[in-house]
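Enquirer: With the input below, show me the fold.
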Amino acid sequence: EHFLHIHPEMNVAFLVPTRPLVKQQADYCTKHVLVNKIPPIVQKIVGNDQAKWDNSEWDECLKKTNIFVGIGALFKDAFVTHKVLSLNRFSLIIFDECHSATGNS
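Expert: Coordinates of the predicted model:
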C-alpha cells in the first residue's frame, strides 16, 4: 500500500516462480491491499499471450493496473530480452521465493 500511495502513477510487481503462487499472491493482494480505500487492480502475468505483448499492450495494461503478479521469467523477457517494459514504471518489485534460487539463471 505504501508504494502505491506515495507513487500512484507507478506500479508494483510481484514476481513468483509458479502459476499456483501467482493465483495465491494475486488473491492476497486483492483481499488485503487498498488503494485510496478500494481494492487494487491486480493483473496476473502467467501465459503465452502476455509473453508476446509489445510496448503498446504493456502501456495499456500499466495504465489500468496497480499490481502485477506474475512468473518471473515472463518479466525477465519483458525487461531484458524484448525490452518492452521499463523498470522506471515500477515503485516496487518483489521477488518472492528468492531464497530458493540456485545457479546463475
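Enquirer: CA only for contacts and neighbour counts going forward, please
Expert: OK.
Enquirer: Compute the number of surrounding residues for Leu4.
Expert: 21 (other CA atoms under 10 Å).
Enquirer: now do Trp53
Expert: 15.
Enquirer: got it, and the one 10 residues further on?
Expert: Residues within reach of Lys63, counting by other CA under 10 Å, total 11.
Enquirer: Leu85 now?
Expert: Leu85: 22 neighbours (other CA under 10 Å).
Enquirer: Surely it is in a helix?
Expert: No: counting by DSSP: H, G, I helix; E, B strand; the rest coil, Leu85 falls outside a helix, being coil.
Enquirer: give me every residue that touches it.
Expert: Contacts for Leu85 (CA atoms under 8 Å, 6 or more residues apart in numbering) come out as Asn55, Trp58, Ala78, Phe79.
Enquirer: Which of those residues are buried, as a PyMOL select command?
Expert: Selection of the buried residues among those in PyMOL, burial being defined by 16 or more other CA atoms under 10 Å:
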select buried, resi 78
